[in-house]
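> Sequence and predicted structure are below.
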Amino acid sequence: MIMYNLLVMKDAVLNATFGALADPTRRAILARLANGEASVMELAEPFDMSQPAISKHLKVLERAGLVVRGQDAQRRPRKLNPRPLADAQGWIETYRKQWEAAFARLDELLEELKTEKLKTEKKEGKRKKR
Amino acid sequence: MTENIKNITVTITTPSDREAVVTREFNAPAALVFEAVTQADLIKRWYGASGSLDSCESDPRVGGSWRFAFTVGGKQMAKYGVYNEIDAPRRFVRTERFEGWDEYEALLTVELVERNGKTTMTQSFLFPTQELRDAVMKTGLTPAGMSTFYERLDTLLASL
């Protein structure tokens, strides 16, 4: 149960991440912030959107933990927080790696089985000739 | 020999909210792959880390049961279920439950396609909810995945 609850908690975080990434404007904001922090005004500029509209998107990004506020109290710049993004990618990658490891062992077994089969066939072949 | 094989060989896709699909090609005919994934004595030789299964039972007939038992972090656990469909060496469908994690439930469909002596195996896991699918993908629910998970859980609990 502990395990399940912890995973459910983690899920909520991941769902927020994926939800935040579903919108093209929010992805563009993240791309812009990847180049360095920016104020709401600076972020609104290239999008042809009002500051309140941009603020709304920023709120979603902040809730998902993707964007955090910088130090400057006057400008209130926003900064990218890459941690949740790494989690979302790491999630599938961890699962994939486990299968890689399991299947590497299955490869070895299949090679052994092929060799065993070849040996039996050779024996049977000799028997048939006689 | 394995150094020549490129690192990424497994493809993971999520065609719907409740599915996880694992695809991989094997350098062996389908009949052999089918045996390796359905016969108990062979499953034991590759599933989980070497020798990590405490016991392995598998009766690949319609209505036949299967059970893989293993110990993780001192805790005994087991995956088990029933084969619903068998069409050797092309396809089988089985149910999956988990002793030690009651919420776990899945329907696994395995399909094998052979071409030029090589076989592509597609494992489709269908879960009752998206939450469960996501949780499973994070642990993998293999003995190796579970140990990693428990190590992480221990570290986390120690830090609280």
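Arrived safely, thanks for sending.
> which secondary element of chain B has the worst mean pLDDT?
Taking mean pLDDT, DSSP states H and E as the measure, chain B has helix B:143-159 as its least confident helix or strand, at a mean of 49.
> try chain A
Per-SSE averages on chain A (mean pLDDT, DSSP H and E): minimum helix A:2-21, a mean of 57.
> tell me which strands and helices the very next helix or strand once past it is in contact with?
Next along the chain after helix A:2-21, taking DSSP states H and E as the criterion, comes helix A:24-34. Helix A:24-34 sits against helix A:2-21, helix A:40-44, helix A:51-63, strand A:67-69, strand A:78-80, with contacts defined as 3 or more Cβ pairs under 8 Å, 6 or more residues apart in numbering or on different chains; DSSP states H and E. Quick note: C-beta positions are derived from backbone N, CA and C, even for glycine.
> can we see that at 6 Å?
helix A:51-63 (3 or more Cβ pairs under 6 Å, 6 or more residues apart in numbering or on different chains; DSSP states H and E).
> Kindly indicate whether B:Arg97 is helix, strand or coil.
Following DSSP: H, G, I helix; E, B strand; the rest coil, the label given to B:Arg97 is strand.
> burial measure for it, as a count.
16 (other Cβ atoms under 10 Å in any protein chain shown).
> which outside residues touch the longest strand seen in chain B?
The longest strand of chain B (DSSP state E) is strand B:75-87. By Cβ atoms under 6 Å, 6 or more residues apart in numbering or on different chains, the list of residues contacting strand B:75-87 from outside reads B:60, B:62, B:64-65, B:67-69, B:92-100.
> average model confidence for it?
Taken as a whole, strand B:75-87 has an average pLDDT of 91.
> same deal with stretch A:119-130?
74.
> got it, and stretch B:105-120?
95.
> which residues sit against that stretch?
Residues contacting stretch B:105-120 (Cβ under 6 Å, 6+ apart): B:25-27, B:29-30, B:33-34, B:89-96, B:121-128.
> Give me the subset of the residues you listed lying in strands.
Going by DSSP E, the strands hold B:25-26, B:91-96, B:121-126 from these.
> Pull out the buried residues from stretch A:66-73.
A:66-67 (16 or more other Cβ atoms under 10 Å in any protein chain shown).
> got it, and stretch A:46-55?
A:Ile54.
> Ok, stretch A:24-32 next?
A:26, A:29-30, A:32.
> just to revisit the earlier point, would you list the buried entries among the contacts of strand B:75-87?
Here, 16+ other Cβ under 10 Å leaves B:60, B:67-68, B:92-94, B:96-98 buried among the contacts of strand B:75-87.
> picking up where we left off before, can you narrow the ones in strands among the contacts of stretch B:105-120 down to the ones near chain A?
B:Phe26 (Cβ under 6 Å from any Cβ of the partner chain).
> Closest one to A:Leu21 out of the ones in strands among the contacts of stretch B:105-120, please.
Nearest to A:Leu21 out of the ones in strands among the contacts of stretch B:105-120 is B:Phe125 (Cβ to Cβ; 24.0 Å).
> Hmm, B:Val21 and that closest one touching each other?
No: in this structure B:Phe125 lies outside contact range of B:Val21 using Cβ atoms under 6 Å: 7.5 Å.
> quick one, the helix or strand containing B:Lys138 and strand B:91-99 angle?
B:Lys138 is part of helix B:130-139, with elements assigned from DSSP H and E. In terms of direction (axes from the mean of the first three to the mean of the last three Cα atoms, to 10 degrees), helix B:130-139 departs from strand B:91-99 by 90 degrees.
> roughly how far out does the longest strand of chain B sit from the chain middle?
Chain-centre distance of strand B:75-87: 10 Å, with Cα atoms, centre = their mean, to the nearest Å.
> cool, stretch B:87-104 as well?
In terms of Cα atoms, centre = their mean, the centre of stretch B:87-104 is found 8 Å from the chain centre.
> and it, how far apart are its ends?
Its first and final residues considered, stretch B:87-104 spans 26 Å by Cα to Cα, to the nearest Å.
> what's the answer for stretch B:71-78, then?
Stretch B:71-78 end-to-end distance (Cα to Cα) = 8 Å.
> Check stretch B:9-29 too.
So stretch B:9-29: terminal residues 18 Å apart, Cα to Cα.
> Please consider this matter closed, and thank you.
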